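S.K.: Got a sequence here, can you build the structure:
(chains A, B and C)
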Amino acid sequence: MRARQTTWLRSAAGIAWKDLAIEWHSREIVYTMGFLATLVVLVFSFALVAGQDSKLGPGTIAGILWVAVLFSGTVALSRTFDREREGEAIRSLLLSPVPRSAIYAGKLAATSCIMFFVELVVTPLVGVFFSAPVAEHAAWLALQLLLGTIGFAAAGVVFSAALLRSRSRDALLGALLFPVVVPVLMAGARGTTLLLDAEVPDLDPAVFWTRFLGAVDVIFVAVGVWAFEPVAVGE
Amino acid sequence: MKKILLVLTALAAALPTAVLAQETRVRESIPAAPFLAGAYAFMWVAVLIYVALVARRLSRVQSDIDDLRRKLDRDR
Amino acid sequence: MGESPLPEYHPPVTSSQNNAPFAVLLAVSAVGFLAVPFLIVLAPIEPTMGIIQKIFYFHAPIAWLLLLSTGVCAAGSIAYLFAGSDGGDRLAHASAELGVLFGACTLVTGPMWARVAWGVFWTWDARLTSSLLLWLMLVAYLLARRYGGPGAKKLSAALALFAAADAPLFYVSVNVWRTIHPKTTVVPSLGWPMARVFLSCLLLFTIFFGVLLMLRLRLEKARVALAELEIAHEDAREARS
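M.R.: Next up, the predicted model:
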């Protein structure tokens, strides 16, 4: 039993490590994703800030951050299985004795890492652009972003795998994913708002939303692991 | 059978709209009544359209089946 | 003359086995259609909201049908994904369509009620917002089915699973989100005269849902039978040539 568990972990870690190593060398996803996230933030600031003196409230700033995460995360997800798609590596991966759940976990871990790395860069930018106190409760903010990313990717990996051979992959991925991850967006935006709001007395409401994110993650990962197997078997 | 379903659905749409319109004349002119009747009418019209679409597709497929069946029997 | 046997063809629309439950439900629905308007009109008028409250008697049941569709869609998707049941897939597709239909009705009747009761069409109320989100997910299901490419059925099935998991999450998160803002939901505590009307409407609408579902499934089964016949036709033609 112990041996099988170690093998599962090793397979999942192996898949995650391989993806991250490739990404480390090419940095393709990170650059395009980071660029897109920054642009989304900028576009929002041009669209929402009326004049020089108007300041955006913490709710708006948190919303901008999370929307940027969502949009750029879609890029990372659509690229998750791209390397396997080119060169038909997906078939050999599925034919190997690696359990599907390990593939799912590995892909989830790799995608979450890449997304989180970009968020670590974009969040200080948001703090600078909007004079938002992102450093004040940095640990809680990082935790919220991490949990939100995992929840987002948990659903996204399943849909990305299902859309592997589809021509309308890019058009459909966002359209299908966004309704599903609304609870993540809601909890994340609310939680981050409470962290950025200087007038909120204590952290309790923010902690609640962080816990809520954790609960959503558990549900989404459970459904994702379960659904990934039949979906990834392929046609 | 589909036609009966359609007729009944049409009746169910028309009846309450008429009855509700009647009721407004009895009570004071409440702005609520057009919304109530409108909501109910919308619901039944939408359902009616859907049922009509499904019934039409079903009869088309059914006639295709009959045609093919006849062709197969003839060719045997 | 080819002796290739024809496939066993059981015409789904005229077989007596299928007709009996369908006919019974249809009859009950028919009685229900005629009864519902009178039930609604004759129900007592709620003192605070007046006549517009009566939208509740059909708005709430069709909102319930939206939820029911999501559940049935998820159940069918589970059967399809994990047991390879094509019937489950057909059930999921049919109930997703019905969910989009009744969801659209919910999203029209709800704001109409809100407009009269509270002056605005949309209030980001917990129930209305969750219904909107659920409806969007069922629309996404149909989109995925149509445009999803080779893996469309499995994609939409996975979507249905997430939709079912999301349904309670939507409601809880919007509800808590909204405690900061004034709550505008007013669910009347029903006295028996009203509850009687409401429960009858709920039951009748659910039966009607069943009727529509069976009708829609017949269409799918007929399509499958047609495809089988076309294959047999091709085989027969090739055997002859």
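S.K.: use CA for all of it now, contacts and neighbours both
M.R.: Will do.
S.K.: give me the element residue A:115 is part of.
M.R.: For residue A:115, the host element (DSSP states H and E) is helix A:100-130.
S.K.: Next secondary structure after that helix?
M.R.: helix A:138-162.
S.K.: elements contacting the helix or strand following that following helix?
M.R.: Using DSSP H and E, the helix or strand that follows helix A:138-162 in sequence is helix A:169-180. If you count contacts as 3 or more Cα pairs under 8 Å, 6 or more residues apart in numbering or on different chains; DSSP states H and E, helix A:169-180 packs onto helix A:58-80, helix A:138-162, helix C:126-147, helix C:152-178.
S.K.: which one of the ones you listed is the most hemmed in?
M.R.: helix A:138-162 (a mean of 25; mean count of other Cα atoms under 10 Å in any protein chain shown).
S.K.: circling back to that earlier point, okay if I get the helices and strands packed on helix A:169-180 as a markdown table plus distance to chain B and mean pLDDT?
M.R.: As requested, the helices and strands packed on helix A:169-180 are exported to a markdown table (distance: least, Cα to the nearest Cα, whole Å; pLDDT from 0 to 100):
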| stretch | distance to chain B | mean pLDDT |
| --- | --- | --- |
| helix A:58-80 | 35 | 92 |
| helix A:138-162 | 29 | 95 |
| helix C:126-147 | 15 | 92 |
| helix C:152-178 | 21 | 89 |
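S.K.: Could you dump those helices into JSON lines and include distance to residue A:40?
M.R.: Supplementary listing: the helices and strands packed on helix A:169-180 in JSON lines, determined by distance: least, Cα to Cα, whole Å:
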{"stretch": "helix A:58-80", "distance to residue A:40": "6"}
{"stretch": "helix A:138-162", "distance to residue A:40": "17"}
{"stretch": "helix C:126-147", "distance to residue A:40": "24"}
{"stretch": "helix C:152-178", "distance to residue A:40": "25"}
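S.K.: wait, which of these is closest to residue B:43?
M.R.: helix C:126-147 (15.6 Å; Cα to Cα).
S.K.: Excluding chain neighbours, what is closest to residue A:103?
M.R.: Setting aside the residues directly before and after it, residue A:103 is nearest to residue A:12 in space (Cα to Cα, 6 or more residues apart in numbering or on different chains), at 5.8 Å.
S.K.: so who does that neighbour touch?
M.R.: Residues counted as contacts of residue A:12 (Cα atoms under 8 Å, 6 or more residues apart in numbering or on different chains) are A:102, A:103, A:104, A:105, A:106, A:107.
S.K.: Chain neighbours aside, what residue packs nearest to the first one?
M.R.: Just to be clear, that refers to residue A:102. Residue nearest to residue A:102 in three dimensions, not counting chain neighbours: residue A:12, with 4.5 Å by Cα to Cα, 6+ apart.
S.K.: isn't there a helix covering that neighbour?
M.R.: Yes: under DSSP: H, G, I helix; E, B strand; the rest coil, residue A:12 falls within a helix.
S.K.: distance of it from chain B?
M.R.: 47 Å (Cα to the nearest Cα, to the nearest Å).
S.K.: now the residue positioned nearest the centre of chain A: how far from residue C:177?
M.R.: Closest residue to the average C-alpha location of chain A: residue A:149 at 3.2 Å, with Cα atoms, centre = their mean. Here the criterion is Cα to Cα, to the nearest Å. By it, residue A:149 lies 20 Å from residue C:177.
S.K.: Please name the residues that touch the closest residue to chain A within chain C.
M.R.: Residue of chain C nearest chain A, by Cα to the nearest Cα: residue C:149 (4.6 Å). Counting by Cα under 8 Å, 6+ apart, residue C:149 touches A:163, A:165, A:166, A:167, A:168.
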